[in-house]
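Chemist: need a structure here:
(4 chains)
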4 protein chains.
Amino acid sequence: MDDIEIDEVATPELDDPVLIEGLPGVGHVGKLAAEHLLEEFDGELVRRVYTTEFPPQVNVDGDGVAELTCAEFHAIETDGADLLVLTGDHQAGSNKGHYTLTTTFLDIAEEFGATRAFALGGVPTGELVEEYTVLGAVSEGGLVDELEAVGVEFRPDEPAGGIVGVSGLVLGLGGRRGFGAACLMGETSGYLVDPKSARAVLEVLADHLDFPIDYESLEDRAEEMEEVVGKIQEMQDGPAVPDDDLRYIG
Amino acid sequence: MDDIEIDEVATPELDDPVLIEGLPGVGHVGKLAAEHLLEEFDGELVRRVYTTEFPPQVNVDGDGVAELTCAEFHAIETDGADLLVLTGDHQAGSNKGHYTLTTTFLDIAEEFGATRAFALGGVPTGELVEEYTVLGAVSEGGLVDELEAVGVEFRPDEPAGGIVGVSGLVLGLGGRRGFGAACLMGETSGYLVDPKSARAVLEVLADHLDFPIDYESLEDRAEEMEEVVGKIQEMQDGPAVPDDDLRYIG
Amino acid sequence: MDDIEIDEVATPELDDPVLIEGLPGVGHVGKLAAEHLLEEFDGELVRRVYTTEFPPQVNVDGDGVAELTCAEFHAIETDGADLLVLTGDHQAGSNKGHYTLTTTFLDIAEEFGATRAFALGGVPTGELVEEYTVLGAVSEGGLVDELEAVGVEFRPDEPAGGIVGVSGLVLGLGGRRGFGAACLMGETSGYLVDPKSARAVLEVLADHLDFPIDYESLEDRAEEMEEVVGKIQEMQDGPAVPDDDLRYIG
Amino acid sequence: MDDIEIDEVATPELDDPVLIEGLPGVGHVGKLAAEHLLEEFDGELVRRVYTTEFPPQVNVDGDGVAELTCAEFHAIETDGADLLVLTGDHQAGSNKGHYTLTTTFLDIAEEFGATRAFALGGVPTGELVEEYTVLGAVSEGGLVDELEAVGVEFRPDEPAGGIVGVSGLVLGLGGRRGFGAACLMGETSGYLVDPKSARAVLEVLADHLDFPIDYESLEDRAEEMEEVVGKIQEMQDGPAVPDDDLRYIG
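Modeler: Reported below is the predicted structural model:
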């Protein structure tokens, strides 16, 4: 096997498509957001990317059939813009792998005529988030105004540790080859999978690219997560009522 | 030395041979099963595979002679089918190494005319196993029925973490190049070398490929392991009789 | 992306320039010293070096614009000598990467006509430093005398663990290709960013290369660090006055 | 820099030389033994091997001059046999590096006409050693008898974990290309640098190759180590006499 192998599943004509990257990362925000796009729209699988940078792993589906782990591009036509959505279960396994893999991803996006890219992700706050701000970073200053117009916040020198992984390189390598690229980072605690942060990211993206999208299934996942959080808090605090009872007895 | 070096020890004519992979993994189930095949049948060493992916290591035999660590293919003729059994002491040392090494293994199997492959292994349950179920995963859906017919269980989306290492790639890479491949995973606690799980895996394999095989030596190893488990439990529980004595005294 | 990519930003004529390396290391001494040179002199960015050996990372500037992490060469003309100052946020990510990256750095320096190199860094003492000695090591014995003349100390077989990273290789690989190279290591505790040690290193460098330089901004940073150290000591010792109060009460 | 660079310092004519490998390992037995050969005989440096597999490091000598870390071959003429002694401060930094580096070492040995190789090392016993047995392993069975004749012990399947690193590969790769290779492993606790074990290894080597050698300087190092061990035991046991005194006072 070559270091990178690309299955060309389909090559539809797309109209100025926008690359949307949503690989795993902080709070799985980018991955949740990208997968929600695939759920809500009638997308078409166009490319599978296999690489020796991914773990040597297959995943077993509902019928017991194993699929070699890969990243996938789906083409989606929305009312606002054509999207090329990149999803997968893994980032690269080495520094160099991140560079070569992101280069491949940008090559594929260019092949479909993309000149714009959005890397979706989360930015950890370390505490439970009440209001889901979306932080932005761009490959060229001209993009700041139009993103601020849809509510993206830009804070000087933030995030402090920079942006790492494929998302960072979509900006860094994308910018170097002329992409108009932005990273949209939903604030999230960093401790939990965060569908609400994913929704916040999708809202600014949909607003910016001007396509309608429904969030019901993402809300359902958010509610499931809240139940999980509730149970965790319960376990930490101890049950409220029995405690009272005990005092009463005491 | 090249990254991979293959010693062509012998190249017998084989009749539609089946690749059987049994490298080290959970409970050493696959390794025990493959080595039991070598013990029970009069196999012939056909290939040695040396690679810089293995540790820089020699093993010393009973005469003080050192052998460079390698993986080996033995050809075995059974009443049911010709087997090409892959054994060794190591998996690869890196993500990429797993891919290149499995590619080499599949190349060798193809060279002998193999179009089917079974990756033998264990799946950890985290608790002592009473009944040794064999879980299956396949490279193509058509294989499910015939494996269920010999008692292999298929559970949707299991094992949950996918199948990793050479076994996973025998399915993933094997499937991509047209092999009819299956992974047979014996349930095992995951804490101990498990000859009983290896027997369970071999039973479904022998049933499926229709060859008779004796399990006595594997039973002996299972009994040895049970003595080990018994001693461990004894050490944890404390000795039974002195305890009674103490009660009596008390 | 190639393993190493060089942006040729400018190629001014320099007069026998001296390579000054100041990448991150012990006490950030070398980095602080090199960055102080960039602050004090009107330098010109001449090269950016991108490499897959650096983390896959972008840093966000004050306007929200992301820059791919890289190492930079600035050309500086001082009254004493032309300098080619190498700075950056990272060392290489692997043994091999250190060798290939330092080779590239020396190639660039040679391209500008450099035949001399100074690697700036810190040497850890494990305790708070009162007097900031600068320890030296050279690629050829002839350099010892002139460096001792400006106060650099040479101690047999020190530092005991050798000199590692890009600084070590500027000497090792630089020496092998004919550079007159020296490492100037300011003593530093090793626990804190140390602007005073950086000043000590710069003083011997400026004395040796005969250029004037102001240290005010570095002094400001040193004072900030001393406040930090003071607060840390306070936290460890406990507050002085309340302690007295307690004795009084006692 | 290339992955491996060889400085050809000198190429004397040698008479059927024997490769003696003594890189760092258990108890530094092999390194001590090889360095003792260099001390006792009037050897000539013939090759330096630099590689990106070694740490990016220079060592500073007594005059403050830095030398890039490398492995060295010295040619030694003894009354019994010509030796090609390989020493250095490091093993390789990766699995693959061990293979490529040992291949290079064997290439150099072949260039000088060597067909025999001895890898010197230690084998850990986990307890203080009273009598220093030397354990052997060979690349071909024919070597066992002549080594047993000089006191080397061969124990079936030992050492249990195989022999790793360059020593293991001198046997494994050396044997594959026709070297008559043996590993001589001095028993050693594994906790301390062990000059006595190094002497035991050298004694069987000198006996086998029939050259006289003095051990005085190695004995001095052994006495130093015994003082160190004595002090460590003292610290663990507590001082004997003051303890008595205290009892007396009490």
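Chemist: Which single residue in chain A comes nearest to chain D?
Modeler: A:Ser94 (12.7 Å; Cβ to the nearest Cβ). Every C-beta, even on glycine, is put in place using the N, C-alpha and C of the backbone.
Chemist: Hmm, A:Glu53 and that residue touching each other?
Modeler: Yes: between A:Ser94 and A:Glu53 a contact is recorded at 6.6 Å, counting by Cβ atoms under 8 Å.
Chemist: higher neighbour count, the two?
Modeler: More crowded of A:Ser94 and A:Glu53, by other Cβ atoms under 10 Å in any protein chain shown: A:Glu53, with 22 against 17.
Chemist: Give the helix, strand or coil label for the closest residue to the more buried one other than its chain neighbours.
Modeler: Spatial nearest neighbour of A:Glu53, chain neighbours left out: A:Gly97 (3.5 Å); criterion: Cβ to Cβ, 6 or more residues apart in numbering or on different chains. For A:Gly97, the assignment made with DSSP: H, G, I helix; E, B strand; the rest coil gives helix.
Chemist: Look up how far C:Ser94 lies from A:Gly97.
Modeler: Applying Cβ to Cβ, to the nearest Å, the value for A:Gly97 to C:Ser94 is 12 Å.
Chemist: And the residue nearest the centre of chain A, which helix or strand is it part of?
Modeler: Centroid-nearest residue in chain A: A:Gly30, 1.3 Å away (criterion: Cα atoms, centre = their mean). Following DSSP states H and E, one finds A:Gly30 within helix A:29-40.
Chemist: How about that helix and chain B, touching?
Modeler: No: using Cβ under 8 Å from any Cβ of the partner chain, helix A:29-40 never reaches chain B; the gap is at least 16.0 Å.
Chemist: Would you indicate which residues of that helix are buried?
Modeler: Residues of helix A:29-40 classed as buried: A:Val29, A:Gly30, A:Lys31, A:Leu32, A:Ala33, A:Ala34, A:Glu35, A:His36, A:Leu37, A:Leu38, A:Glu40 (neighbour count, 16 or more other Cβ atoms under 10 Å in any protein chain shown).
Chemist: Stretch A:210-224 now?
Modeler: So, applying 16+ other Cβ under 10 Å, buried residues of stretch A:210-224: A:Phe211, A:Ile213, A:Tyr215, A:Leu218, A:Arg221, A:Ala222.
Chemist: That stretch: how far from the chain's middle?
Modeler: Computed by Cα atoms, centre = their mean, to the nearest Å, the chain-centroid distance of stretch A:210-224 equals 14 Å.
Chemist: ok and the lengthiest helix in chain A relative to helix A:29-40, angle-wise?
Modeler: For chain A, the longest helix by residue count, based on DSSP state H, is helix A:216-237. With axes from the mean of the first three to the mean of the last three Cα atoms, to 10 degrees defining the directions, helix A:216-237 sits at 140 degrees from helix A:29-40.
Chemist: Just the mean pLDDT for helix A:216-237, thanks.
Modeler: Helix A:216-237 shows an average pLDDT of 88 in the prediction.
Chemist: about what we covered before: now, which of the buried residues of helix A:29-40 sits nearest chain C?
Modeler: A:Gly30 (14.9 Å).
Chemist: what's the closest one in contact with, if anything?
Modeler: Contacts for A:Gly30 were tallied using Cβ atoms under 8 Å, 6 or more residues apart in numbering or on different chains; they are A:Glu21, A:Gly22, A:Leu23, A:Pro24, A:Ala119, A:Leu120, A:Gly121, A:Gly122, A:Ser167, A:Ala198, A:Val201.
Chemist: same check, this time on A:Leu143
Modeler: A:Leu143 touches A:Gly180, A:Ala182, counting by Cβ under 8 Å, 6+ apart.
Chemist: for A:Asp214, same thing?
Modeler: A:Asp214 neighbours (Cβ under 8 Å, 6+ apart): A:Glu40.
Chemist: Okay, it and A:Glu39: tell me how far apart.
Modeler: For A:Asp214, the distance to A:Glu39 - Cβ to Cβ - is 10 Å.
Chemist: Would you confirm that A:Thr102 contacts C:Pro56?
Modeler: Yes: the criterion here is Cβ under 8 Å, and A:Thr102 meets it with C:Pro56 at 7.3 Å.
Chemist: Run a quick neighbour tally on the nearest residue to A:Ala222 once chain neighbours are set aside.
Modeler: Nearest non-adjacent residue to A:Ala222, counting by Cβ to Cβ, 6+ apart: A:Pro195, 4.1 Å away. By other Cβ under 10 Å, 26 other residues sit near A:Pro195.
Chemist: helices and strands of chain A: which one has the lowest mean pLDDT?
Modeler: helix A:240-249 (a mean of 42; mean pLDDT, DSSP states H and E).
Chemist: Which parts of chain A are strands?
Modeler: A:4-8, A:18-21, A:44-51, A:57-60, A:66-68, A:71-77, A:82-88, A:116-124, A:134-138, A:163-164, A:180-188 (DSSP state E).
Chemist: any chance of the ones you listed in a markdown table, with mean pLDDT and mean neighbour count too?
Modeler: Formatted as a markdown table, the strands of chain A follow (pLDDT from 0 to 100; neighbours: other Cβ atoms under 10 Å in any protein chain shown):
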| stretch | mean pLDDT | mean neighbour count |
| --- | --- | --- |
| strand A:4-8 | 97 | 14 |
| strand A:18-21 | 98 | 28 |
| strand A:44-51 | 98 | 19 |
| strand A:57-60 | 97 | 24 |
| strand A:66-68 | 97 | 23 |
| strand A:71-77 | 98 | 22 |
| strand A:82-88 | 98 | 24 |
| strand A:116-124 | 97 | 27 |
| strand A:134-138 | 98 | 25 |
| strand A:163-164 | 96 | 23 |
| strand A:180-188 | 98 | 28 |
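Chemist: between these, which one is nearest to D:Gly64?
Modeler: Evaluated over the strands of chain A, closeness to D:Gly64 peaks at strand A:163-164, with 39.9 Å, by Cβ to Cβ.
Chemist: Return the residues of chain A in contact with chain B.
Modeler: So chain A meets chain B at A:1, A:3, A:52-69, A:93 (Cβ under 8 Å from any Cβ).
Chemist: let's go with 10 Å and repeat that
Modeler: A:1-3, A:5, A:7, A:50-70, A:89-90, A:92-94, A:97 (Cβ under 10 Å from any Cβ of the partner chain).
Chemist: Who are the contact partners of A:Glu216?
Modeler: Taking Cβ atoms under 10 Å, 6 or more residues apart in numbering or on different chains, we find A:Glu216 in contact with A:Glu40.
Chemist: From A:Tyr132, how far off is it?
Modeler: Taken as Cβ to Cβ, the span from A:Glu216 to A:Tyr132 is 17 Å.
Chemist: ditto for A:Leu32
Modeler: Distance from A:Leu32 to A:Tyr132, by Cβ to Cβ: 13 Å.
Chemist: so what sits against both of those two?
Modeler: Joint contacts of A:Leu32 and A:Tyr132 (Cβ under 10 Å, 6+ apart) are A:Gly186, A:Asp194, A:Lys196, A:Ser197, A:Ala198, A:Arg199, A:Val201.
Chemist: which residues does A:Ala137 bridge with?
Modeler: Beta-bridge partners recorded for A:Ala137 (DSSP bridges): A:Cys183.
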